[in-house]
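Trainee: Here is my input, please return the structure:
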Amino acid sequence: MTTPAIELRGLRKSYRDTVVLDGIDLTVASGTVTALLGPNGAGKTTTVHVLSTLLRADGGTATINGHDVSRDPDGVRAEIGLTGQFSAVDTLLSGEENLLLMARLRHLGAKRSRARTAELLEQFDLVEAARKPLATYSGGMKRRLDLAMTLVTAPSVIFLDEPTTGLDPRSRHTMWNIVRGLVADGTTVLLTTQHLEEADQLAHRIAVLDGGSIVAEGTPDELKRLVPGGHISLRFTDATALERAKLLLDGSTADPATLALSVPTSGGIGALRTLLGRLDQAGLEVDDLGIHTPDLDDVFFALTGKIGAAAS
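Mentor: Numbers count the residues shown, from 1 in each chain. So this is what the prediction gives:
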């Protein structure tokens, strides 16, 4: 069996009487993106800090490529890279100097440090700005430099903690493309984010945290199917066809003004095929059709916040 890139079993962490992680189980396959999604205080950043050896768990186990976070922290650090919520670049240095400093700190040696710095400046489109002061860098450029510094030693697992916070849409999309490229090359990514579109765009799987527990886990499509509200919208050419379809399809809702019919569905091609088959057998033609499924916003609101609401 292939060793998971990241594996958590019963992970626990508390601060005095406040439980931050309440027995988390999570498995992340190599070469994939898993997003930790949840409100502030759900335990996302704490999970990353435990996995990156910055915090010690109170219970349970956590491994990175088979290295135990508690018993073999040096082995874990050799496997990982971390880009935190806030920029870690030195604003008194240029981009090139920041990368050279990180390379030397990671003991790459002078020749390899220069070569790796040149590679990363090229990869992250920072060649023209390499020797300019960081005061001239945009937010997106600083974030790219942040990630480049994380990748100096080409770690196999990287943690991205709110990587696009404060970025404009263009810079956010640039970062997404960089992450996709890393994963295509075999890197494993654990991503924490409150940007629901970001999780939808990047993650192979999503774990939803609330109150220190994983309340749901699956692919983006699997999570969307957990939330009611999906429907098929049908439009007809006349009121008679609309009324006949309404009588035929249980639970449907008609809008006579637009000749539209809304039919609840759990989604999927099978449900759509069945519905169209029934209409065809009844001799009813559809003028227009649309499928509407819940998005991750619906998932977020449906699955999180209940613990805090109950406590209040």
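Trainee: which stretches of the chain aren't confidently modelled?
Mentor: By pLDDT under 70, the low-scoring segments of the chain are 1, 86, 266-268, 306-312.
Trainee: That one: helices as residue ranges?
Mentor: 44-51, 73-77, 95-105, 110-123, 139-150, 169-184, 196-202, 220-224, 239-248, 269-281, 296-303, 306-311 (DSSP state H).
Trainee: Redo the ones you listed as JSON lines? Include distance to Arg9 and mean neighbour count.
Mentor: Glycine gets a C-beta too; all of them are placed from N, C-alpha and C. Formatted as JSON lines, those follow (distance: least, Cβ to Cβ, whole Å; neighbours: other Cβ atoms under 10 Å):
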{"stretch": "helix 44-51", "distance to Arg9": "12", "mean neighbour count": "23"}
{"stretch": "helix 73-77", "distance to Arg9": "16", "mean neighbour count": "16"}
{"stretch": "helix 95-105", "distance to Arg9": "33", "mean neighbour count": "20"}
{"stretch": "helix 110-123", "distance to Arg9": "35", "mean neighbour count": "16"}
{"stretch": "helix 139-150", "distance to Arg9": "26", "mean neighbour count": "21"}
{"stretch": "helix 169-184", "distance to Arg9": "24", "mean neighbour count": "16"}
{"stretch": "helix 196-202", "distance to Arg9": "23", "mean neighbour count": "20"}
{"stretch": "helix 220-224", "distance to Arg9": "22", "mean neighbour count": "18"}
{"stretch": "helix 239-248", "distance to Arg9": "51", "mean neighbour count": "16"}
{"stretch": "helix 269-281", "distance to Arg9": "36", "mean neighbour count": "13"}
{"stretch": "helix 296-303", "distance to Arg9": "22", "mean neighbour count": "18"}
{"stretch": "helix 306-311", "distance to Arg9": "22", "mean neighbour count": "11"}
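Trainee: Of all the ones you listed, which one is nearest Leu36?
Mentor: If you check each of those against Leu36 by Cβ to Cβ, helix 44-51 wins as the nearest, at 4.5 Å.
Trainee: What are the contacting residues of the closest one?
Mentor: 6, 8, 11, 13, 20-21, 24, 36-38, 55-57, 62, 64, 69, 76, 80, 82, 85, 159, 161-162, 190, 192, 209 (Cβ atoms under 8 Å, 6 or more residues apart in numbering).
Trainee: List the residues that contact Ala239.
Mentor: Here Ala239 is in contact with Pro256, Leu259 (criterion: Cβ under 8 Å, 6+ apart).
Trainee: quick one: it and Ala260, what's the gap?
Mentor: From Ala239 across to Ala260, the span is 11 Å (Cβ to Cβ, to the nearest Å).
Trainee: Got phi/psi on the closest residue in space to Pro39 that isn't next to it in sequence?
Mentor: Sequence neighbours aside, Thr304 is the residue nearest to Pro39 in space, at 5.3 Å (criterion: Cβ to Cβ, 6 or more residues apart in numbering). Dihedral pair for Thr304: phi -120, psi 160, per degrees, to the nearest 10.
Trainee: Before I go, just wanted to say thanks for your time.
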